[in-house]
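Asks: Just the structure for this:
(3 chains)
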Amino acid sequence: MKFKPNKISITSGTGESEHQLNAYDRALKNAGVGDLNLIKVSSILPENCKIKNKPQIPPGSFTPSVISKQTTNKNQVISAAIAIAECEKGIGLICEHSAPTIEKTTVNKTKKMLNQMAEDRNKTIKKIHIESEQIIPTKTGAAVAVAVFWR
Amino acid sequence: MKFKPNKISITSGTGESEHQLNAYDRALKNAGVGDLNLIKVSSILPENCKIKNKPQIPPGSFTPSVISKQTTNKNQVISAAIAIAECEKGIGLICEHSAPTIEKTTVNKTKKMLNQMAEDRNKTIKKIHIESEQIIPTKTGAAVAVAVFWR
Amino acid sequence: MKFKPNKISITSGTGESEHQLNAYDRALKNAGVGDLNLIKVSSILPENCKIKNKPQIPPGSFTPSVISKQTTNKNQVISAAIAIAECEKGIGLICEHSAPTIEKTTVNKTKKMLNQMAEDRNKTIKKIHIESEQIIPTKTGAAVAVAVFWR
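Replies: Residues are numbered from 1 along each chain as shown, chains lettered A, B, ... in the order given. I've put the predicted structure just below:
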C-alpha cells in the first residue's frame, strides 16, 4: 500500500444543530478536522508514526482516521474519547470509545480497554495520550474524538 | 497521502431482492458503481476536483466515495440523495442524506444541511449538483446515491 | 488511485471479553489480522488479484479489507462468514454475512447471496473460497471473517 503516514494527532470537539449531520459536522470543525476527507481505519499505531500536537493537513486531504463519535437527539450528556498507547517497542495501540455518559466515565472505560489491548499483546505501555469531550445539547448534538494520520 | 483524485461524479440507483445485501448490490449496479471497491470517506470536495457527468473507472478499482444508503424490508417508500456544493473559492462541500420518506423530502433536507455546512464555513455556494432516487419495494429494497472520486 | 493490491487472503476468528471492543479486537487477533489498520471496502475482487492462503502483511499496515462482524452481549450463538467467487473472466466477487445464527446457516446464506451477485452480472463462478466461524460466548463475544487485500 502507498498509504504511509508518519505522524498522528488526536483532537476532540462538540457541536449542536437542528440536524444531526450538521451537529456532527460542527463537532468535527470544533475539533479542527472538519475540512478533511476522513477515511475510517482500525486502531493500530504503526511503529514509525510520531505523535504530534497539531495536525497540519491541507483542506480536502484524504485522511486515514480513527473516529469516536456519539450523537443524540435528546437533552442528555454524551461524550467521546480517543486514546493512544505508545508502547516500549513495535506498534502502538489506539482505542476509541463513546457513550451517553459523562466524559470521566467514558475516559475511564477507554483506558481500561486500551490496557486490555496491550495486555493481550504482551506489550508494555510507555505513555498514554488521551483526548475527550462531553456535551449536554439543548436538543441535537454530537461529541467526537478523532485520531488523524498524516505525513 | 497518495490518494489524489482530481474528478468526482455523482449518481444514484435503486434495487430489490430477496436478500438485503443483494438489494444494495443491485442499487449500486443500477447507479453504475456496482463493480467498484468503494471506500467510504467524509464529505469535502478538494479544491482541484472537477465535477464530471460520467465516472470512467475500471472495474475493481479502490474508489473513495461518499455513500447515501437507505434499505428496507417493508413495502414502504425509501429515498437517498447526495449533493455537491461548488463554492466561490477553496474546497467544496458534499452532503449525503437518506430516509424512509419520499425523494422530494429527502432532497429538501439534503439541500438544507448542505447550506448550513456552507454557512458554518462562511462559504458562498456557486452551484449545487444533486442526485437522488426513491423506490417503494415489494419487500426488500435499497436506494443509494453516491459520489465517487476518481482520476 | 495508488491503491493497487495484487493479493487477497481470507480468514476468520472469534473472541470474548468483558468489553465488546476488546472481544472484537481479540476476534481480529484470533483471525491473524489484529495488528493491522483495516480500511473497509466494498466487495469486488480486482482481476489481477490472486488468492493466497496466508496474508504476509507488516504490523500497522493500512489494509483494505472486507469485514464480516457479529457481536453479542448475550449467551447465544453468533457467526460470521466471508466468501470469494473466482469467476471465469474479469473481476471476482466477495460476499460478507454475519448473524445471530449457527455457522452453517450463515455460510449457506452467504453462498446464496454470492451466487445472486454472480447471476446479476452474468458471471460464471470457477471456484468459491469461504471462511467462517461461530461462537457461543459466556457473555460478550465477537465473530469475524475478513478478506484482506495486500501486495
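Asks: count of residues packed around the closest residue to chain C within chain A?
Replies: Nearest to chain C, among the residues of chain A, is residue A:46, at 3.2 Å (Cβ to the nearest Cβ). Where you see a C-beta, it was placed from the backbone N, CA and C, and this is true even at glycine. Residues within reach of residue A:46, counting by other Cβ atoms under 10 Å in any protein chain shown, total 22.
Asks: My read is that it contacts residue C:36, right?
Replies: No. Contact criterion Cβ atoms under 8 Å: residue A:46 and residue C:36 do not qualify, at 10.0 Å.
Asks: residues shared between the contacts of the two?
Replies: C:59, C:60, C:61 (Cβ atoms under 8 Å, 6 or more residues apart in numbering or on different chains).
Asks: Please name the residues that touch the last one.
Replies: Counting by Cβ under 8 Å, 6+ apart, residue C:61 makes contact with A:1, A:46, C:36, C:37, C:150.
Asks: Also residue A:84?
Replies: A:8, A:10, A:45, A:51, A:92, A:93, A:94, A:128, A:129, A:130, A:147.
Asks: Report the secondary structure state of it.
Replies: What DSSP: H, G, I helix; E, B strand; the rest coil gives for residue A:84 is strand.
Asks: What distance do you get for residue A:58 to residue B:91?
Replies: 9 Å (Cβ to Cβ, to the nearest Å).
Asks: So for these two, which residue has more residues nearby?
Replies: residue B:91 (21 against 12).
Asks: low-scoring pLDDT stretches of chain A, where are they?
Replies: Low-confidence segments of chain A, defined by pLDDT under 70: A:1-3.
Asks: Select only the buried ones of the contacts of residue A:84 in ChimeraX?
Replies: Selection of buried members from those for ChimeraX, criterion 16 or more other Cβ atoms under 10 Å in any protein chain shown:
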select /A:8,10,45,92,93,94,128,129,130,147
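Asks: Secondary structure and distance to residue B:30 added to the contacts of residue A:84, as CSV?
Replies: Putting those into CSV (DSSP: H, G, I helix; E, B strand; the rest coil; distance: Cβ to Cβ, whole Å) gives the following:
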residue, secondary structure, distance to residue B:30
A:8, strand, 39
A:10, strand, 40
A:45, strand, 40
A:51, strand, 45
A:92, strand, 43
A:93, strand, 41
A:94, strand, 38
A:128, strand, 48
A:129, strand, 45
A:130, strand, 45
A:147, strand, 36
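Asks: Reformat the contacts of residue A:84 as a markdown table; add distance to residue A:106.
Replies: Shown next, in a markdown table, are those (distance: Cβ to Cβ, whole Å):
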| residue | distance to residue A:106 |
| --- | --- |
| A:8 | 20 |
| A:10 | 14 |
| A:45 | 20 |
| A:51 | 21 |
| A:92 | 21 |
| A:93 | 18 |
| A:94 | 15 |
| A:128 | 15 |
| A:129 | 16 |
| A:130 | 10 |
| A:147 | 16 |
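Asks: nearest to chain B, of the contacts of residue A:84?
Replies: residue A:8 (13.2 Å).
Asks: any idea what the closest residue to chain B within chain A is structurally, helix, strand or coil?
Replies: Closest residue of chain A to chain B, Cβ to the nearest Cβ: residue A:60 (3.2 Å). Under three-state DSSP, the three-state class of residue A:60 is coil.
Asks: my guess is it meets residue B:41, correct?
Replies: No. Look at residue A:60 against residue B:41 with Cβ under 8 Å: they stay out of range, at 10.5 Å.
Asks: who's more crowded, the two?
Replies: Legend: neighbour count by other Cβ under 10 Å for residue A:60 and residue B:41, higher for residue B:41 (24 against 18).
Asks: these two touch, right, residue A:44 and residue C:57?
Replies: No. Applying Cβ under 8 Å as the test, residue A:44 and residue C:57 come out as separate, 11.2 Å apart.
Asks: who touches both of the two?
Replies: In contact with both residue A:44 and residue C:57: residue C:36, using Cβ under 8 Å, 6+ apart.
Asks: JSON lines for the contacts of residue A:84, including distance to chain B?
Replies: As requested, these are exported to JSON lines (distance: Cβ to the nearest Cβ, whole Å):
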{"residue": "A:8", "distance to chain B": "13"}
{"residue": "A:10", "distance to chain B": "17"}
{"residue": "A:45", "distance to chain B": "17"}
{"residue": "A:51", "distance to chain B": "18"}
{"residue": "A:92", "distance to chain B": "20"}
{"residue": "A:93", "distance to chain B": "22"}
{"residue": "A:94", "distance to chain B": "18"}
{"residue": "A:128", "distance to chain B": "27"}
{"residue": "A:129", "distance to chain B": "22"}
{"residue": "A:130", "distance to chain B": "23"}
{"residue": "A:147", "distance to chain B": "14"}
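Asks: and the spatially most central residue of chain A, what are its bridge partners?
Replies: By Cα atoms, centre = their mean, chain A has its centre lying nearest to residue A:146, at 2.5 Å. Beta-bridge pairing for residue A:146 (DSSP bridges): residue A:11, residue A:67.
Asks: Run through the residues that contact it.
Replies: Residue A:146 touches A:10, A:11, A:12, A:28, A:31, A:33, A:38, A:65, A:66, A:67, A:68, A:82, counting by Cβ under 8 Å, 6+ apart.
Asks: which stretches of chain A form strands?
Replies: Remark: strands assigned in chain A by DSSP state E are A:7-16, A:37-40, A:44-45, A:50-51, A:62-72, A:78-87, A:92-99, A:125-135, A:141-150.
Asks: Please identify the most buried of those strands.
Replies: strand A:141-150 (a mean of 27; mean count of other Cβ atoms under 10 Å in any protein chain shown).
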